[in-house]
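J.: no sequence on this one, just coordinates:
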């Protein structure tokens, strides 16, 4: 019972801070601010996926978090390389 | 019975520490004045926040296949997040240099 309260409280808190990070992605003056904000939100979503997978006892959902971490890393590297070179090659 | 209570208290402490570091990272992301300062703050959030929350979940699950899977995800996050932070900083620096060179 107390573990469920802890896990659901953590999911709620991470959702609130993820929306706060979305504010920086909306108003950010440069493109690098938006990339940093999306990177932080990606880490938060990975943590939320793992928490949901363990509280619902669906243990194969943990692999979804690994795939989401890989997609976030590739997206960050791609956008940063486009910002640096002006093209992707 | 005492072992269960001690385990629950340890999990609560680790989860609270991880959420604290996520909150610190987001406050720095909103309040810091520069792009490089924001990158500096959010890497703390990635490393310690995710690390402490995953440590709490590993303590909760015990020694099993799921906790091995969690260790793999945690090592992947610890490798890729400093790499992407360094690459974003380098991209922003090169972008500003190019803008200065074009304006001259």
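T.: Noted; the coordinates are in hand. Predicted, not measured: the structure shown is a model, and the values here were computed from it.
J.: report the contact partners of the residue nearest the centre of chain B.
T.: Centroid-nearest residue in chain B: residue B:46, 1.0 Å away (criterion: C-alpha atoms, centre = their mean). The contact partners of residue B:46, taken as C-beta atoms under 8 Å, 6 or more residues apart in numbering or on different chains, are A:39-40, A:43, B:25, B:77, B:81, B:85. Every C-beta, even on glycine, is put in place using the N, C-alpha and C of the backbone.
J.: quick one, helices of chain A?
T.: Counting by DSSP state H, one finds helices in chain A at the ranges A:2-27, A:31-55, A:62-85.
J.: out of those helices, which one sits most buried?
T.: helix A:31-55 (a mean of 22; mean count of other C-beta atoms under 10 Å in any protein chain shown).
J.: chain center to that one: distance?
T.: From the chain centre to the centre of helix A:31-55 is a distance of 1 Å (C-alpha atoms, centre = their mean, to the nearest Å).
J.: how many other residues sit next to residue B:13?
T.: 12 (other C-beta atoms under 10 Å in any protein chain shown).
J.: so where's chain A uncertain?
T.: In the predicted model, chain A carries pLDDT under 70 at residues A:89.
J.: pick out the residue closest to the middle of it.
T.: Central residue of chain A (C-alpha atoms, centre = their mean): residue A:42, at 1.6 Å.
J.: do you know how far the nearest residue in space to residue B:35 that is not next to it in sequence is from residue A:38?
T.: Among residues not flanking residue B:35 along the chain, residue A:32 sits closest, at 4.8 Å (C-beta to C-beta, 6 or more residues apart in numbering or on different chains). Applying C-beta to C-beta, to the nearest Å, the value for residue A:32 to residue A:38 is 11 Å.
J.: kindly report the same for residue B:52.
T.: In terms of C-beta to C-beta, residue B:52 sits 22 Å off from residue A:38.
J.: picking that back up, surely the residue nearest to residue B:35 touches residue B:92?
T.: Yes. Contact status for residue A:32 versus residue B:92: in contact at 4.1 Å, counting by C-beta atoms under 8 Å.
J.: what do the two both touch?
T.: Listed contacts common to residue A:32 and residue B:92 are A:83, B:35; contacts here mean C-beta under 8 Å, 6+ apart.
J.: that older thread, can you convert the helices of chain A into CSV and add a column each for distance to residue B:42?
T.: Supplementary listing: these in CSV, determined by distance: least, C-beta to C-beta, whole Å:
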stretch, distance to residue B:42
helix A:2-27, 9
helix A:31-55, 5
helix A:62-85, 12
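J.: count the neighbours of residue B:102 for me.
T.: Neighbour count of residue B:102, defined by other C-beta under 10 Å: 7.
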